[in-house]
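**Q** here is the input, now give the coordinates:
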Amino acid sequence: MLGALLPVDVQPDDPQVQVGTVSLSAAVEGIDLDNVGFYVPPYMGPRSTLALIERLPRLQVVQLLTAGFESALPYLPPGVVLCNARGVHDASTSELAVALTLASLRGIDDFARAMPEGAWLSGRREALADKRVVVIGAGGVGTGIRQRLEPFETDVVLVGRTARDGVVGIDDLSAVLPLADIVILAVPHTPETTRLVDRSFLSLLRDGCLLVNVARGGVVDTEALLMEVGAGRLRAALDVTDPEPLPSEHPLWRLPNVLISPHVGGNSSAFLPRGRRLVREQLARWRGSETVLHVVSG
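**A** Residues are numbered from 1 along each chain as shown. Next comes the predicted model:
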């Protein structure tokens, strides 16, 4: 698991910097916590790895390995810089968004469930071609999704916080949602985006629209989504849910028009080399007294 606890006096040519990772045990045995200046919490680690921040009195920089950073904010002391992993997961998450979209449209999940019984589920399924796709979130992931969708002969509308060339402002969302065949969520989880997809949002979607969420579960009002997909009016493909992990008894698991993956958008073979490159660069900047990248707080 990629993670690092580095002392304030580490040098750019030290092995830790070259490798970009230091073994981080749950008990942090043998580590002088009083001298740690740069901390990389393990990817998708438990909250205890974030709580460790409070035990590092000389900490200067926390480098996350996720694009999302809201879970780290409650543990961040004043004066400590928090950086996210912007760009590290863009390709992987964009790929999964397209994969979930195609799998849902073409019934791949139905075919997989039918294999143990040897059932031949022939029939006409929907193509991605000629669909209008609204991608909400104009950052690295949203842009990556658009780049991957356009070769499929789709009409992609990218929605961001503010209108600009090639991007529709979120204030105009109500005008584009009724025209969408597919809506893909790729926004960060912030107070502004919490339950962005509520009953009012969903009511604007045409019958049969597919909602794909590769953002965060909290962006969607789960009860409102359950009502719409349970009635068969909408479909959903979700890499993230609220709550998460989704309890085994939750009704979302058993709805025929819902496809769920267990929050694996960024966790692909592309992650480790890209994560290591980011950590190396950030360490070199930190030790060279340069400004670190992707600062989200501090």
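**Q** the chain - how does it break down into domains?
**A** Taking automatic domain parsing as the reference, the chain has its domains at 4-88+268-297, 90-260.
**Q** what's the least confident stretch among these?
**A** If these are sorted by mean pLDDT, domain 4-88+268-297 sits at the bottom with a mean of 80.
**Q** in TSV, list the domains of the chain along with mean neighbour count.
**A** C-beta coordinates here come from the backbone N, C-alpha and C atoms, glycine included. Below are the domains of the chain laid out as TSV (neighbours: other C-beta atoms under 10 Å):
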stretch	mean neighbour count
domain 4-88+268-297	17
domain 90-260	17
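**Q** contacts for stretch 193-213?
**A** When contacts are defined by C-beta atoms under 8 Å, 6 or more residues apart in numbering, stretch 193-213 is touched by residues 97, 100-101, 104-105, 136, 173-174, 177-185, 187, 215-216, 218-221, 224-225, 227-228, 233-240.
**Q** please compute how far that stretch lies from its chain's middle.
**A** The offset between the C-alpha centroid of stretch 193-213 and the centroid of the whole chain comes to 18 Å, using C-alpha atoms, centre = their mean, to the nearest Å.
**Q** how far does it stretch from one end to the other?
**A** With C-alpha to C-alpha, to the nearest Å as the measure, stretch 193-213 spans 13 Å from end to end.
**Q** which ones among the contacts of stretch 193-213 are found in helices?
**A** In helices, defined here by DSSP state H, the members of the contacts of stretch 193-213 are 97, 100, 101, 104, 105, 173, 174, 224, 225, 227, 228.
**Q** out of those, flag the one nearest to residue 295.
**A** Ranking the ones in helices among the contacts of stretch 193-213 by separation from residue 295, with C-beta to C-beta as the measure, puts residue 97 on top at 26.4 Å.
**Q** surely that closest one is in contact with residue 184?
**A** Yes - assessed by C-beta atoms under 8 Å, residue 97 is found in contact with residue 184 at 5.4 Å.
**Q** quickly list what's touching both of those two.
**A** In terms of C-beta under 8 Å, 6+ apart, residue 97 and residue 184 are both contacted by the residues 145, 212, 214.
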